[in-house]
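K.L.:
okay, structure incoming, though there's no sequence with it:
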């Protein structure tokens, strides 16, 4: 068999495991629900879930654990030593050394753990939408915003391993409170939660009359999904809200382009499903927002090639690379 | 003689050239006024100035041009190919290939050109305040804010070579207009221009009564320098303005720490003279502003070791490294 690596992406709600060959081709997949078991020591339930999907994939394909490498993508701040230091969406694993838990279960397992958005960036850079671009930022638009940064062809890790927390870049110092304690973080605007909030504000301000009428006249009943769907149908008042979200997306991208001079931004995550409207809006606005635009080549905003599979694919790549 | 490199820092008003050995020790210095000659082709006058200081240093020390390497730090966006693509403070050299101009004057010159803040970052990282720290951002607080980024021990250049334009990170989307065309860029707050603006606003709002009285009751007469000086004397109302500037400085630092996980920030530039008040304020505020502070080692905000000499020193280092 060609070299196989398993990538396991632990989300707040589900675990996706993929088996891939060294060209990034998906050989097999396994999905389970993410366990949240507060009674057990941190990371134990998560480790059981990883071992479970790994064993399933290995057994189903007639491999042995010694044949494969395993990469795990985790939703939180990962130290260089593989400790999940801070994981708001996976609190029952916060503080855990997942690699140690896994080796305690399967002593021969060859595993590396990394931040999930870093994994996604690697997948898009090595095999996906950003192939051949050495300065890339992966922007995952979910409830919040995650990020992975490739600079000069290398994943940027930072001092402790925490680089890429781009969603908590403050873009509006007097803006709404964020769960992190600051105000006006980028993810308050250009994320699923941002669409919801901007939709709510637009409805309350009378800027979504058709949608409010559709919801029995109750502005509070208008959801972000309603606006996204109505925009896809071409409703002008909904398109205006999406354009506003696109402006905020462009603002953060312009900031990152000024700081890092990345030319390629890959947009993934749940909100990227609105990408056919959102990304052109962002690309239009970014020209006006980035400093020295006339002196720069255009900034390329692309949709993720692998979508919800990016994290698992990148985890597999990182593991294969680490043990090669 | 030990290996000698010349570093030439071209500012908007003056040119500083330093001769340094391979340990970063300053052997000689030369200063001239920056020429701004709009009638000549872009970069010609700048090239003459560089050649002039280089010849002076070489002749005065009995070296030959073949013995030394030459690094030039320029105030603008430099491409990987050494073109000064965008230089608002040196418009008469904007668009020039300064290296080509220099080689046309002295065919044997071994020269590299780089962005001045990148040079400063390199100097502080190799020889100065950030020695031993592999994830560092140099923040030069002048009229605006310049930046140089070291990540994992490497200078971050980006796609075109333009990385480090941190002053144009938007931190207040509804803030005051910036010359770059955006609103609320970081350098509208945490720079010399920012101190001036925040001082003016504080005076107009009645928050600087003692200073306004000292200026004959005219709020418009209160300058940023007055506030900095009064803060150094301990005047509470002036200290409050410096604390506000420190908060904005901390906000940008917190953003950069979230994005890049840099642990060390070196503050240079003219405003760093207010550093004994400004930096402690920034360090105090950054703890509240950076995401996941509890999970991170403290962020270290240090004053530049070389001050106005950082750019020339770093240019010398880059040249020595390039030709070694």
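P.N.:
Looks like it came in fine. Everything quoted here is computed from the prediction, not taken from an experiment. Numbers count the residues shown, from 1 in each chain, chains lettered A, B, ... in the order given.
K.L.:
Provide a list of residue ranges in the stretch 1-150 of chain A with pLDDT below threshold.
P.N.:
Low-confidence regions of the stretch 1-150 of chain A, defined here as pLDDT under 70, cover residues A:1-2.
K.L.:
what residues does it put near chain B?
P.N.:
Contacts of the stretch 1-150 of chain A with chain B, taken as C-beta under 8 Å from any C-beta of the partner chain, map to A:77, A:85-86, A:133-135, A:147, A:149. (Each C-beta comes from the backbone N, C-alpha and C, glycine too.)
K.L.:
over to the residue in the stretch 51-200 of chain A that chain B sits nearest to: give its phi and psi.
P.N.:
When scored by C-beta to the nearest C-beta, the stretch 51-200 of chain A has residue A:158 as its residue closest to chain B, at 2.3 Å. Phi and psi for residue A:158, reported as degrees, to the nearest 10, are phi 90, psi -180.
K.L.:
got a list of what it touches?
P.N.:
A:164, B:135, B:151, B:260-263 (C-beta atoms under 8 Å, 6 or more residues apart in numbering or on different chains).
K.L.:
buried subset of those residues?
P.N.:
For those, a neighbour count by 16 or more other C-beta atoms under 10 Å in any protein chain shown gives the buried set as A:164, B:135, B:151, B:260-263.
K.L.:
so what touches the helix or strand hosting residue A:226?
P.N.:
Counting by DSSP states H and E, the element that carries residue A:226 is helix A:224-232. Contacts to helix A:224-232, defined as C-beta under 8 Å, 6+ apart, come from residues A:192, A:195-196, A:199, A:202, A:208, A:210-211, A:214-215, A:237-239, A:241-242, A:273-274, A:276-277.
K.L.:
tell me the contacts of residue A:286?
P.N.:
Residues in contact with residue A:286 (C-beta under 8 Å, 6+ apart) are A:250, A:253-254, A:257, A:299, A:301.
K.L.:
please flag which of these sit within helices.
P.N.:
When those are checked against helices (DSSP state H), the matches are A:250, A:253-254, A:257.
K.L.:
which one of those is nearest to chain B?
P.N.:
Among those, and counting by C-beta to the nearest C-beta, the member closest to chain B is residue A:254, at 7.2 Å.
K.L.:
right, and residue A:73 touches residue A:9 too?
P.N.:
Yes: in this structure, residue A:73 sits in contact with residue A:9. The criterion is C-beta atoms under 8 Å, and the distance is 4.5 Å.
K.L.:
so where do the strands sit in chain A?
P.N.:
For chain A, the strands defined by DSSP state E occupy A:4-10, A:14-21, A:26-33, A:68-74, A:77-78, A:84-86, A:111-115, A:136-141, A:145-151, A:154-155, A:264-268, A:300-303.
K.L.:
coming back round to it: reformat the residues of the stretch 1-150 of chain A next to chain B as TSV; add distance to residue B:93.
P.N.:
TSV is the format used below for these (distance: C-beta to C-beta, whole Å):
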residue	distance to residue B:93
A:77	43
A:85	46
A:86	46
A:133	30
A:134	28
A:135	26
A:147	36
A:149	32
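K.L.:
run a quick neighbour tally on residue A:38.
P.N.:
For residue A:38, the count of nearby residues is 8 (other C-beta atoms under 10 Å in any protein chain shown).
K.L.:
please report phi then psi for it.
P.N.:
Reported as degrees, to the nearest 10, the phi and psi values for residue A:38 are phi -70, psi -20.
K.L.:
can you report how many residues lie near the closest residue to it other than its chain neighbours?
P.N.:
Ranked by C-beta to C-beta, 6 or more residues apart in numbering or on different chains and with sequence neighbours excluded, the top spatial neighbour of residue A:38 is residue A:92, at 5.5 Å. The tally of other residues near residue A:92 (other C-beta under 10 Å) stands at 20.
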